[in-house]
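Peer 1: Sharing a sequence plus its predicted fold:
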Amino acid sequence: MDLRERLKQFESASHPVEGYTPRRDNADIDLYVAGEEVSNEFGHFFRSITVYPENYKHGSISLAQLTEIDPNTFGLVGKDDSLTGLDLRKAVFIDTETTGLVGGVGTVPFLVGLGYFFDDGFRVDQFFMRDYDEERAVLQGIKERLENCEALVSYNGKAYDLNLLASRFTLSRMENPAVNLPHLDLLFTARRLWRRRISDCSLSNIERCVLDFHRIGDIPSFMIPGLYFDYLRSRAGKLIKPVFTHNQWDIVTLVALAVVTGKIYQNPMEHLAHPLDLLSIGKAFQRLGRLEEASNTFREALNYTMESENREEVLRLLGFSLKRVGHWEGAVKVWEHMIETTSHRILPYEELAKFYEHQTSDFKRAMEVVHRALEWIRLMEELHPGLNLKGDQENLDYRLARLKRKVGRRG
């Protein structure tokens, strides 16, 4: 099968049933959704435009607060250097509603929302495919809107929305305008920050738990494909109106979430008040190599009450960060505190022994720490007969023998 035949096969998969014929009675959607028919070289489609004032509050967040964030922060927010220095007021916030959530060439984005700042407000353009024969016209409209933007912001767009749009541009033999744009996908940021405390990081749950935005009368995402198919059969515009509202909320939420995450990365102690969130941002800073910021957030987390397991993790990570930046005095205090307060970790003994051996050449003190560690192993094996610490003991025995040789050479 050559490429032309394969493309024809893919195009036919875009329609819900074999022999499907688009209807021309585009009915009454304009009675329920503010908008108009737009024409371009590929045909017609329906476009709705909604304008929000720049000081509009979405939950507890004002869209205008985006200007308070240093553009260099977004390289950290997205763990992507291409986003460093990015002015999100020149980005497009994107969300799609599709005919299905399983992917593949048969899945079509029938409604694409693009949000962007202009003058003193925020505008959401929604490109609606009233029937399958309007897809190329919709794609052309999207292409024209994206041509002058500097980046994209989405929620799960890297895995879903942008991949789907890329395939539709390819199948329509059109150039993909998003292919080289920097892309901030806030799903990954939300998971890094809140997955420990908020296990469900769906956009609607993040809205409720982080932005204090509660949707009233929203249509569940899983119902949206069915509503579109019902609309295609009935041409009743009132069926599709809730989908436009749902899509608008998704896009405005992206702006509010960009504000919140930007503020957190700029000043986590000012904007986070839960120890698990502080632990999460500390780990994010640590992975980015920003060890001073990591140490500060770990210290702040220790000021809160938390479960012993989480507290041990914070102490371990704090000791590691301080060691990496050469703050040995602080690191030693952390390891000594772990020995006093935690009962299931050999790590602080090992780190203290390394410090005295390699940093201060105090071999006798290092030996004392190793003896304490061996005693700890003996105690643990008595208390927990099934616990296997043989490997740790062998490592400590090897370290102890080396230290004895060093002490002997000193005479």
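Peer 2: That came through fine.
Peer 1: give me the number of residues near residue 234?
Peer 2: 11 (other C-beta atoms under 10 Å). In this view, the C-beta of every residue, glycine as well, is placed from N, C-alpha and C.
Peer 1: what's next to stretch 322-342, contact-wise?
Peer 2: 291-292, 295, 308, 312, 315-316, 318-319, 345, 347-349, 351-352, 355, 359, 372 (C-beta atoms under 8 Å, 6 or more residues apart in numbering).
Peer 1: quick one: which of those residues sit in helices?
Peer 2: 291-292, 295, 308, 312, 315-316, 318-319, 347-349, 351-352, 372 (DSSP state H).
Peer 1: In ChimeraX, how would I select the buried members of those residues?
Peer 2: Typed into ChimeraX, the line below selects the buried ones among the ones in helices among the contacts of stretch 322-342, using 16 or more other C-beta atoms under 10 Å:
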select :291,295,312,315,316,318,319,347,348,349,351,352
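Peer 1: Between which two of the ones in helices among the contacts of stretch 322-342 is the distance greatest?
Peer 2: Greatest spatial distance in these: 292 and 372, 30.9 Å, computed using C-beta to C-beta.
Peer 1: Would you map the helices across the stretch 201-350 of the chain?
Peer 2: Assigned by DSSP state H, counting those that start in this stretch, the stretch 201-350 of the chain shows helices spanning 203-206, 224-234, 237-266, 268-271, 275-287, 291-301, 308-324, 328-341, 347-354.
Peer 1: correct me, but residue 78 touches residue 184?
Peer 2: Yes: the pair residue 78 / residue 184 is scored as a contact, 4.4 Å apart, by C-beta atoms under 8 Å.
Peer 1: neighbour-wise, which of those two wins?
Peer 2: Neighbours were counted for residue 78 and for residue 184 using other C-beta under 10 Å; residue 184 has more, 28 against 24.
Peer 1: I'd like the next helix or strand past the helix or strand where the more buried one lies.
Peer 2: Taking DSSP states H and E as the definition, one finds residue 184 inside strand 183-185. Later in the chain than strand 183-185, the nearest helix or strand by DSSP H and E is helix 186-194.
Peer 1: what about that next one, distance to the chain center?
Peer 2: Mean-position distance between helix 186-194 and its chain equals 3 Å (C-alpha atoms, centre = their mean, to the nearest Å).
Peer 1: Give me the angle between that helix and helix 275-287.
Peer 2: Per axes from the mean of the first three to the mean of the last three C-alpha atoms, to 10 degrees, the angle that helix 186-194 makes with helix 275-287 is 120 degrees.
Peer 1: where exactly do the strands run in the stretch 51-200 of the chain?
Peer 2: For the stretch 51-200 of the chain, the strands defined by DSSP state E, counting those that start in this stretch occupy 57-58, 61-62, 91-98, 109-118, 121-128, 151-154, 183-185.
Peer 1: Residue 407: which of these is closest?
Peer 2: Ranking the strands of the stretch 51-200 of the chain by proximity to residue 407 (C-beta to C-beta) places strand 183-185 first, at 55.7 Å.
Peer 1: in its sheet, what does that closest one sit against?
Peer 2: For strand 183-185, the pairing partners within the sheet under DSSP bridges are strand 151-154 (parallel).
Peer 1: List the buried residues of the strand it pairs with.
Peer 2: By neighbour count on 16+ other C-beta under 10 Å, the buried set for strand 151-154 is 151-154.
Peer 1: Identify the residues contacting the residue lying closest to residue 75 once chain neighbours are set aside.
Peer 2: In this structure, residue 75 finds its nearest non-sequential neighbour in residue 84, 3.0 Å apart by C-beta to C-beta, 6 or more residues apart in numbering. If you count contacts by C-beta under 8 Å, 6+ apart, residue 84 has them with 71-72, 74-75.
Peer 1: Compute the distance between residue 228 and residue 245, please.
Peer 2: Distance from residue 228 to residue 245, counting by C-beta to C-beta, to the nearest Å: 14 Å.
Peer 1: Look at the two and report which has more neighbours.
Peer 2: More neighbours surround residue 228 than the other of residue 228 and residue 245, with 23 against 15 (other C-beta under 10 Å).
Peer 1: So that one is in contact with residue 110, correct?
Peer 2: Yes: applying C-beta under 8 Å, one finds residue 228 in contact with residue 110, separated by 5.3 Å.
Peer 1: Quick check: neighbours shared by the two?
Peer 2: In contact with both residue 228 and residue 110: 97, 99, using C-beta under 8 Å, 6+ apart.
Peer 1: which intervals of the protein have sub-threshold pLDDT?
Peer 2: 1-27, 101-105, 343-344, 411 (pLDDT under 70).
Peer 1: what residues go with each domain of it?
Peer 2: 3-266, 269-410 (automatic domain parsing).
Peer 1: Distance to residue 340 for the buried residues of strand 151-154 - can I get that in CSV?
Peer 2: Output for those, formatted as CSV (distance: C-beta to C-beta, whole Å):
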residue, distance to residue 340
151, 49
152, 50
153, 47
154, 47
